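# this one's structure only:
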């Protein structure tokens, strides 16, 4: 100790060693980027974020353009590519690597496009009761009924969540551009196609998996060789099973 105090070179070397070790430890923390579903926003995963962050994970939960607190940017021209760029740019500008990219419901469309764009930044994909598109599919065409149900339900270029009450205070679901539902996604990048992935099918108590609306996507996931899990919950476990969902996601490090 006396020798160290008398030798400034050793002091600097030890300081640098501590600094490098500290930075290395920080970088080793799991990094999650959670993409919310249609009509929603980052607010939906606030509780999950808090739980996971308390456990030492780094969590980002972007709100897609026109959704959540970015509702003031809502416009009929916002499309799927806009939402893909939202997440791509978050990852690039935050300089994130080895990202565990989670997509809930419609978010499955978004993370598919993100992985195709920057697969080198992604460690794993997690589809949480999500749309699992093939190359060239949109959310609408990935459904058996095609685009007809989308067109019939649209109002002035938007899909309007009918369950939201007039003058309901935020946080709340908001209208979303039809183009986000009808624009096809690209899934061509060979590196992206080889990324490890997990599909989590949420199934309510007392319901058989094959009766679930997302069952077909789970079957597609199994065909692709993805890890496949069944989680006993409704379609939005981030609200009523936050702790269980956080624990499940943390196992996908």
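Nice, thanks for sending it over. Just so you know, these numbers come straight off a predicted model, no measurement behind them.
# how distant is stretch 55-62 from the center of its chain?
11 Å (C-alpha atoms, centre = their mean, to the nearest Å).
# and that stretch, end to end?
Start-to-end span of stretch 55-62 (C-alpha to C-alpha, to the nearest Å) is 20 Å.
# stretch 168-187 too?
38 Å.
# list the buried residues in that stretch.
172-187 (16 or more other C-beta atoms under 10 Å). Bear in mind the C-beta positions are built from the backbone N, C-alpha and C, glycine included.
# give me the subset of the residues you listed lying in strands.
Among the buried residues of stretch 168-187, the residues falling in strands (DSSP state E) are 176, 177.
# all strands of the stretch 101-250 of the chain, in order?
Here the stretch 101-250 of the chain has its strands, by DSSP state E, counting those that start in this stretch, at 122-128, 154-155, 158-159, 176-177, 197-203, 227-232.
# the last one: how far from the chain's middle?
Centroid separation for strand 227-232 versus its chain: 17 Å, with C-alpha atoms, centre = their mean.
# strands paired with it, and their directions?
strand 197-203 (parallel) (DSSP bridges).
# buried residues in stretch 218-226?
Those would be 218, 219, 220, 221, 226, for stretch 218-226 by 16+ other C-beta under 10 Å.
# got it, and stretch 158-167?
Within stretch 158-167, the residues scored as buried using 16+ other C-beta under 10 Å are 158, 159.
# quick one, helices of the chain?
Using DSSP state H, the helices found in the chain span residues 2-6, 8-27, 46-54, 80-93, 107-117, 148-153, 179-182, 190-193, 215-224, 237-240, 242-250.
# what's the burial count for residue 60?
Neighbour count of residue 60, defined by other C-beta atoms under 10 Å: 18.
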